[in-house]
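Asks: missing the sequence, but the structure's below:
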């Protein structure tokens, strides 16, 4: 990318998007970043406070599913690259209310592609050659694995939830715009992310915050559902590598070869909390007469269509993009727990915007 690079990052006020913005501003001094974000419940300006290189950052509030919002952003900030992180991403919420997932994940991606196609057509030769549209997706589009095997870039799509189906639809639109219109698109599919600034409806921050408050730690089914966990900074480095070294029209799968069951993750969180904030020092636990964080574990009814196992074979990105994760699960989880403990102001601000830790995904309503 040139010194005049300008990257529009949609969904940049969310978990992965905000960590990506920080990573780019800290490591790419020649890049300006414009975040386009609707600021839904999971996106917050709290995630964009105290940015490195803040003089190269601009925030634009807008909805990617609104063609006029997208057009205005592109006109005011002509991009050299577009990175689409914007998504409704919580499986449980998609079960109870799928419409928002169709609107954002499919319609929103379509509006971005249309704006990018029009922008790309106007670019002169060198800028046209350099332009990229990178779409950030998930391993959930591939469905569920048995006890063995891994997803690869060639695995057929077989989504099992409204969320994963909406992401699969978006992925296919991105591929179609490359093949039909020649738009230089790249798609990345990644395993479960964890790290700072993750909205507390997701497993790891949910367990940390509930444990600190001596609330139940809800574990779906038997706790045996397995995910491949990747630290968010490693994922962000991979996305930059895909943008800068990936081949237009290609798809790249990122994973950390770090499979854990949900029960194993919860046990690891309890152990990390014990090391950093011992149960004996937790007043909320003492008030309940409990001496161990593990005593809060509670098994609850599983959600419908809960995929049993995900795992990614990341050998292609290791070889072609020269990428590999820098963090192991144990040390990165301890780092993550420490961040939530040390950033009480962030926790309070996010929870004040709306605490979404109540059980969802039972399919009780049709909307």
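Replies: Arrived safely, thanks for sending. Only a predicted model underlies this, so the values are computations on that prediction, with no experimental measurement involved.

Asks: can we go C-alpha only for contacts and neighbour counts from here?
Replies: OK.

Asks: which stretches of the protein have low pLDDT?
Replies: For the chain, residues meeting the criterion pLDDT under 70 lie at 1-3, 359, 361-367.

Asks: Residues contacting stretch 64-75, please?
Replies: Stretch 64-75 has contacts (CA atoms under 8 Å, 6 or more residues apart in numbering) with 10, 36-38, 60, 62-63, 86, 103-104, 107-112, 115, 119.

Asks: Let's see that with 6 Å instead.
Replies: 62, 104, 107-108, 111 (CA atoms under 6 Å, 6 or more residues apart in numbering).

Asks: can you list those in TSV and add neighbour count?
Replies: As requested, these are exported to TSV (neighbours: other CA atoms under 10 Å):
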residue	neighbour count
62	20
104	23
107	21
108	23
111	21
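
Asks: Out of the residues you listed, name the two that are farthest from one another.
Replies: 62 and 107 (14.2 Å; CA to CA).

Asks: before we move on, back to that, okay, the contacts of stretch 64-75 in TSV with distance to residue 179 and secondary structure next?
Replies: Listed next are the contacts of stretch 64-75 as TSV, based on distance: CA to CA, whole Å; DSSP: H, G, I helix; E, B strand; the rest coil:
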residue	distance to residue 179	secondary structure
62	28	coil
104	23	helix
107	19	helix
108	20	helix
111	17	helix
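
Asks: Out of those residues, which comes closest to residue 18?
Replies: Distances from residue 18 to the contacts of stretch 64-75, taken by CA to CA, are shortest for residue 62, at 15.9 Å.

Asks: List the contacts of the closest one.
Replies: 36-38, 69.

Asks: mind checking how far it is from residue 102?
Replies: 17 Å (CA to CA, to the nearest Å).

Asks: what's the answer for residue 216, then?
Replies: With CA to CA as the criterion, residue 216 and residue 102 are 32 Å apart.

Asks: If we ignore the residues flanking it in sequence, what's nearest residue 110?
Replies: residue 173 (7.1 Å; CA to CA, 6 or more residues apart in numbering).

Asks: my read is that neighbour is in a helix, agree?
Replies: Yes - according to DSSP: H, G, I helix; E, B strand; the rest coil, residue 173 belongs to a helix.

Asks: Okay, and residue 60 sits in which element?
Replies: strand 57-61 (DSSP states H and E).

Asks: Hmm, residue 159 and residue 165 touching each other?
Replies: Yes - contact criterion CA atoms under 6 Å: residue 165 and residue 159 qualify, at 5.1 Å.

Asks: sec struct for the residue of the chain positioned farthest from its centre, please.
Replies: Distance from the centre of the chain peaks at residue 289, with 36.8 Å (CA atoms, centre = their mean). Put simply, residue 289 is coil when judged by three-state DSSP.

Asks: Please determine how far residue 202 is located from residue 34.
Replies: 26 Å.

Asks: which of the two has more neighbours?
Replies: Neighbours of residue 202 and residue 34, each counted by other CA atoms under 10 Å, are more numerous for residue 34; the result is 24 against 17.

Asks: That one - that's part of a strand, no?
Replies: Yes - inclusion of residue 34 in a strand is indicated when three-state DSSP is applied.

Asks: what number of residues lie near residue 281?
Replies: Residue 281, neighbours per other CA under 10 Å, totals 11.

Asks: what do you get for residue 201?
Replies: Neighbour tally, residue 201, other CA under 10 Å: 19.

Asks: which residues does it contact?
Replies: Counting by CA under 6 Å, 6+ apart, residue 201 has contacts 356-357.

Asks: So it versus residue 342, what's the distance?
Replies: Relative to residue 342, and taking CA to CA, residue 201 is found at 19 Å.

Asks: repeat for residue 109
Replies: 36 Å.

Asks: Does residue 260 touch residue 226 like I think?
Replies: Yes - Residue 260 lies in contact with residue 226 (CA under 6 Å); the separation is 5.4 Å.
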